[in-house]
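Asks: The following block contains a protein sequence and its predicted model.
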Amino acid sequence: MPIKIPHNLPAVDILAKENIFVMDEQRALSQDIRPLKCVIVNLMPTKIETETQLLRLLSNTPLQIEITFLKMDSYVSKNISVEHMKNFYKTFDDIKDEKFDALIITGAPVETLPFEEVAYWKELERVMQWSKKSVFSTLHICWGAQAGLYYHYGISKYYLNKKIFGIFPVEIENTKTMLLRGFDEIFNMPHSRHTGIKEEDILKISELEILAKSDEVGVSIIRSRDKRKIFVTGHMEYDRLTLENEYKRDINSGKKIAVPFNYYPDDNPEKKPLYTWRSHANLFFTNWINYYVYQETPYDLDELEKM
């Protein structure tokens, strides 16, 4: 089954050219099934690119998924038109009385700020509090993972001496988890961040389990033991050119930045970047939707109130 999204969302044309099946709202209504409901808090500045990346990965399951995009009402995005946000995004007040099978909280370019100084932090706290009784499974990505670990468990981030930037090998710690079913023991994950989470802080919380980590980038995938909260410190959703775009943006703005690690052949930015994490990214999102959302969420979402 496909993802269900508005027919005029820019990602529709992009995904159609990639032979990815999407379904408009009218066709979805004709199918006598309950679609999974997924809300995406898109905090990335590159709104359309992030929408497309996530929808590409969520479409790779046999399940119909109804997507809702959520914006922070307390912050106006600078890199996207007001019309786009008005047409395709809802506010928290619009959905606060609804229940969802899944929630995704993306990364955001605010990691060098203390959480409390982020313009929309109070609003995001409301979303995370609401999710406890209104969402079954939440996937936190990069800064979203740091924010979720801080809000739910009081785990602070720390500042790195050097930005982690590139494609890094990550090793599985728990080979029996269904979230990583089918994974190689070592797999590649894109990272792009100035801050990190200390492994010892995770180990102090009995409710959390480290699923994958590496010497170079530290803990990479964490889950709550009830499987309802997933934290990924990298960007499995990134496509081939995302790191290149970030690299060129920083070079063009005069910033000193190293060539992304393990990304260009021979570390030569003139060559086409290698796409070495795509299969595991697809597998990760498929496993999450199947084993942690579809197989576990109650059919009647009102049951979430009792969990």
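Replies: Cool, the structure landed.

Asks: Mind jotting down where the strands sit in the stretch 1-150 of the chain?
Replies: 3-4, 22-23, 36-41, 65-70, 89-90, 100-105, 135-141 (DSSP state E, counting those that start in this stretch).

Asks: What count of nearby residues applies to Gly218?
Replies: Gly218 is flanked by 19 other residues according to other C-beta atoms under 10 Å. Backbone N, C-alpha and C define where each C-beta goes, glycine included.

Asks: Repeat that for Ile65.
Replies: For Ile65, the neighbour count with other C-beta under 10 Å is 24.

Asks: same thing with the one 10 residues further on?
Replies: Under the neighbour criterion other C-beta under 10 Å, Tyr75 is assigned a count of 16.

Asks: Equivalent analysis for the one 4 residues further on, please.
Replies: Around Asn79 there are 9 other residues, counting by other C-beta under 10 Å.

Asks: for the closest residue to it other than its chain neighbours, phi and psi?
Replies: Nearest non-adjacent residue to Asn79, counting by C-beta to C-beta, 6 or more residues apart in numbering: Pro45, 4.6 Å away. Here is the backbone geometry of Pro45 (degrees, to the nearest 10): phi -70, psi -30.

Asks: ok now do Pro45, which residues does it touch?
Replies: Shown in contact with Pro45 (C-beta atoms under 8 Å, 6 or more residues apart in numbering): Ser77, Lys78, Asn79, Pro109.

Asks: Likewise for His140?
Replies: So His140 contacts Ile104, Ile105, Ala147, Gly148, Leu149, Lys229, Ile230, Phe231, Val232 (C-beta under 8 Å, 6+ apart).

Asks: Report pLDDT for it.
Replies: If you check His140, the pLDDT there is 98.

Asks: That one bridge partners, please.
Replies: Applying DSSP bridges to His140 yields these beta-bridge partners: Ile105, Phe231.
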